[in-house]
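Chemist: pasting the sequence and the predicted model now:
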Amino acid sequence: MIIAANLKTNLTREKTLHYLQEVEHFLEQNGVSQEVLVFPAISNLNSHKGQLVVGTQNAYPAINGAFTGEIGYEQLEEFGIKTILIGHSERRHILGETQELLALKFNFYKNLGFKIVYCVGEPLSVRELGHEKMMEYISAQYEGIDTSYENLIIAYEPVWAIGTGLTPTLEEIDSIHKELKVKSSAPLLYGGSVKVTNAKEVMALENVDGILVGSAALYAEHFCTMCMYAQELDK
Ligand code: 13P
């Protein structure tokens with residue numbers, strides 16, 4: 001299974017270091033052999049040795065250059081970062097990233113051999129239009145994306161479930177994952193209000209290959225418990 005923590009715009013450099021050390025120690029002590037990914041805030045990126053893999057929440061599709069406020073491959077290479085999150089709903093909706101830009105980023109980092117966690121998911125207004133419209137909306141988020149890329153992980157994160165404490169039912173998660181798996185055989189994570197209290201049942205679903213966790217992952221202890229659940233399921 002794949003357990004990923006998106007720390008978003010949280011924690012300082014020092015706190016992130018402690019966080020990574022705590023998680024790393026836990027994985028080692030408890031023999032967790034699952035794939036664990038952590039995406040710290042960009043200013044907190046650093047070289048990391050160990051079992052868990054540190055990835056970036058964003059990067060511009062360029063080696064370097066005049067892209068004020070962005071980082072490129074050169075800044076990732078310094079720390080040996082080879083994993084990137086692309087298409088997160090906060091970047092689509094708050095930062096206004098278009099599907100065109102996301103496809104550019106995807107192809108740029110794909111050509112560099114990065115592991116890509118690519119996010120898709122619908123806002124509530126789209127979900128309310130019914131299943132067909134919702135699937136059309138999600139399908140458009142696959143445009144320009146090589147769904148057969150060997151280093152691809154997809155994360156389904158319904159926008160209305162992010163940071164709200166709301167989640168689709170287990171049946172809904174499993175059935176939409178089943179539909180999304182037809183589009184790509186890449187591992188498919190679920191994200192959106194995953195907590196210690198629901199992580200195990202979500203991960204146990206047939207069509208779920210892991211989880212992408214935001215707020216609950218800010219507590220290293222909670223994230224570690226979820227890693228332990230994944231180990232117990234060992235799918
Ligand atoms: P929450 O777990 O806080 O709902 O966030 C999910 C998310 O956006 C992970 O990328």
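Modeler: On my side now, so go ahead.

Chemist: could you find the closest non-adjacent residue to the closest residue to the ligand within the chain?
Modeler: The ligand sits closest to Gly214 of the chain, with a gap of 2.3 Å, by Cβ to the nearest ligand atom. All C-beta spots, glycine's among them, are computed from the backbone N, C-alpha and C. Nearest residue to Gly214, sequence neighbours excluded (Cβ to Cβ, 6 or more residues apart in numbering): Asn6, at 5.1 Å.

Chemist: next to the ligand, which bits of the protein? Give me the list.
Modeler: Neighbours of the ligand within the chain, by Cβ under 6 Å from any ligand atom: 6, 88, 157, 162-163, 191-194, 212-216.

Chemist: pull out the buried positions in the lengthiest helix in the chain.
Modeler: Within the chain, and with DSSP state H defining each element, the longest helix by residue count is helix 13-29. For helix 13-29, the neighbour count (16 or more other Cβ atoms under 10 Å) marks 16, 19-20, 23-24, 26-27 as buried.

Chemist: as JSON lines, the residues you listed with pLDDT would be great.
Modeler: Shown next, in JSON lines, are these (pLDDT from 0 to 100):
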{"residue": "Thr16", "pLDDT": "98"}
{"residue": "Tyr19", "pLDDT": "98"}
{"residue": "Leu20", "pLDDT": "98"}
{"residue": "Val23", "pLDDT": "98"}
{"residue": "Glu24", "pLDDT": "98"}
{"residue": "Phe26", "pLDDT": "98"}
{"residue": "Leu27", "pLDDT": "98"}
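
Chemist: including distance to Ile173, could those go into TSV?
Modeler: Shown next, in TSV, are these (distance: Cβ to Cβ, whole Å):
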residue	distance to Ile173
Thr16	30
Tyr19	27
Leu20	29
Val23	25
Glu24	29
Phe26	26
Leu27	26
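
Chemist: show me where this structure has helices.
Modeler: Using DSSP H, helices in the chain cover 13-29, 73-77, 89-93, 99-111, 124-127, 131-140, 170-183, 196-203, 220-233.
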